[in-house]
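In: When you get a sec, could you give me coordinates for this:
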Amino acid sequence: MTSTAFYPIGTPGTPWTAKEREEWRASQPRRRSYAEDVVPRIEALASRFQISVYGTLDYGEDIYSLYALRNGAPDPALPTALVTGGVHGYETSGVMGALEFLETRAADYAGKVNLLVVVCVSPWGYERINRWNRNALDPNRNFRKGTNVAECAHLMALVAAQPEPFLMHIDLHETTDSDETEFRPALSARDGTDYEPDTIPDGFYLVDDGENPQPAFQQAIVAAVEKITHIAPADAQGRIIGSPVVARGVIEYPAAKAGMCTSVTTARFKTTTEVYPDSPRATPEQCNAAQVEAVCAGLDYVLAHG
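Out: Numbers count the residues shown, from 1 in each chain. Next up, the predicted model:
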């Protein structure tokens, strides 16, 4: 079923121009503070991690430093793992889960793995509680060579500058009710396409890279996270967000073709986590804990099997 669901900006069936994008941007007030919520927690880790600024987002009235954290100088004898959060800034547990991992569990992997952690890829989206960046573009569909999305370009440059290959990349996300009430209707309005309603899965699931699936790796994470929160079931068509369920709690997307963040490395083991913070069966604390558990389960798996 398609719909011309009302969205207050633009004309149904007509892609946005610069005028509509500016109208959209003006409708996005700052609702929380990256400088107050995130940066102090990063700075508090300075005695335990190497912190660097890997880029700056200059949006005129809004300027954001982008931070990367390492658990020491890279050791070429160890595997390397990338953890990213806040690619979609509105997905709070991606940011908070990355911070909690650094604060509470990352020390467990000292001398075992080179960690590179980027807590918040899209600070503008974090502050506006929005999926897109300031230019009404989705970072998680724009990790491509020559990208014009600054959030993506900065992260890709950071990864390209690393001296060692990556064995694992886990990207921390959420699926929220606002995906259907706000962001998918906005996408249809922006692109001038029909809106096709879908359902929101109740629970945690993973998005494997369909171009290089690693089913045992995914299932190890699902099994660990299930101790924290419930796993999303398939819908009546055997799908989650429109994609076939290939194993319990797992769907696949072609990461590079889709321009997803998990395509930024050549790591063998990749996944995108999706927690559901709007579930009546989950609390924000559980969602954060699920993200931490997913990172640890992924690291434990690749250390044992990589």
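
In: all helices of the stretch 51-200 of the chain, in order?
Out: Per DSSP state H, counting those that start in this stretch, the stretch 51-200 of the chain carries helices over the ranges 92-104, 123-128, 150-160, 178, 184-191.

In: Make a markdown table out of those and add distance to residue 30 and mean pLDDT.
Out: Any C-beta I mention is one placed from the backbone N, CA and C, and that applies to glycine too. Converted to a markdown table, these look like this (distance: least, C-beta to C-beta, whole Å; pLDDT from 0 to 100):
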| stretch | distance to residue 30 | mean pLDDT |
| --- | --- | --- |
| helix 92-104 | 15 | 98 |
| helix 123-128 | 5 | 98 |
| helix 150-160 | 17 | 98 |
| helix 178 | 17 | 96 |
| helix 184-191 | 18 | 96 |
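
In: can you redo the ones you listed as JSON lines with mean neighbour count?
Out: Converted to JSON lines, these look like this (neighbours: other C-beta atoms under 10 Å):
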{"stretch": "helix 92-104", "mean neighbour count": "24"}
{"stretch": "helix 123-128", "mean neighbour count": "25"}
{"stretch": "helix 150-160", "mean neighbour count": "20"}
{"stretch": "helix 178", "mean neighbour count": "17"}
{"stretch": "helix 184-191", "mean neighbour count": "20"}
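
In: all strands of the stretch 201-306 of the chain, in order?
Out: Counting by DSSP state E, counting those that start in this stretch, the stretch 201-306 of the chain has strands at residues 205-209, 239-240, 243-244, 250-253, 269-275.

In: Pick the most deeply packed of those.
Out: strand 269-275 (a mean of 27; mean count of other C-beta atoms under 10 Å).

In: Quote the end-to-end distance of stretch 272-287.
Out: 14 Å (C-alpha to C-alpha, to the nearest Å).

In: Please point out which parts of it sit buried.
Out: Residues of stretch 272-287 classed as buried: 272, 273, 274, 275, 276, 277, 279, 282, 286, 287 (neighbour count, 16 or more other C-beta atoms under 10 Å).

In: between those, which is nearest residue 117?
Out: Checking those against residue 117 with C-beta to C-beta, the nearest one is residue 273 at 14.3 Å.

In: you'd agree that closest one is up against residue 203?
Out: No: counting by C-beta atoms under 8 Å, residue 273 stays clear of residue 203, with 11.9 Å between them.

In: which residue sits closest to residue 57 in space, ignoring its chain neighbours?
Out: Using C-beta to C-beta, 6 or more residues apart in numbering and skipping residues adjacent in sequence, the residue nearest residue 57 is residue 64, 4.3 Å away.

In: what residue ranges in this protein score low on pLDDT?
Out: Applying pLDDT under 70 to the chain flags the ranges 1-5.
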